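1. Okay, structure incoming, though there's no sequence with it:
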């Protein structure tokens, strides 16, 4: 079993014993998503920590989007619950990149792509291919794409 998955399960046990309903329900849903991913496809497999981290990130993103939708629908209580669940999941994710760190990594990738002969807006794909492995879940794709576009245009 991966260390992140076992940490999630240990924390779930602790949350259940502490009668922390929010934490236990959030971790249950996340572990269910992990198990569902493990049995998806033609044969069951053990997920790596990186794959489990991607699932946790996907679940956290779902919570952010749901909170926005509840806010727009005028359901503040439900939006607050989704935000709280997102905060629980954020504890299991790497610290997000600051704007300065992100801009620095993207600038390096742009320079690398230009050295490879990619220029202008058409270089977006090449730059994203270079920068995505370096960022690996520490920044959302839309945020990264916006910085790439800005640096390629300017």
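-> Received it, and whenever you're ready, just let me know what you need. Everything quoted here is computed from the prediction, not taken from an experiment.
2. Just give the nearest non-adjacent residue to residue 82, would you?
-> residue 67 (3.9 Å; C-beta to C-beta, 6 or more residues apart in numbering). Any C-beta I mention is one placed from the backbone N, CA and C, and that applies to glycine too.
3. Need the single longest helix in this structure, by residues.
-> When the chain is parsed with DSSP state H, its longest helix is helix 49-72.
4. Check which helices and strands that helix sits against.
-> helix 3-17, helix 21-39, helix 76-90 (3 or more C-beta pairs under 8 Å, 6 or more residues apart in numbering; DSSP states H and E).
5. residue ranges with poor pLDDT in the chain?
-> Scanning the chain for pLDDT under 70 picks out 1-2, 117-118, 120-121, 137, 154.
6. So which residue is smack in the middle of it?
-> Relative to the mean C-alpha position of the chain, the nearest C-alpha, by C-alpha atoms, centre = their mean, is the one of residue 57, at 2.9 Å.
7. doesn't residue 92 make contact with that residue?
-> No - the pair residue 57 and residue 92 does not pass the contact test of C-beta atoms under 8 Å, sitting 9.0 Å apart.
8. and the residue nearest to residue 31 when sequence neighbours are not counted, how many residues sit next to it?
-> Using C-beta to C-beta, 6+ apart and skipping residues adjacent in sequence, the residue nearest residue 31 is residue 8, 5.6 Å away. Residues lying near residue 8 (other C-beta atoms under 10 Å) number 21.
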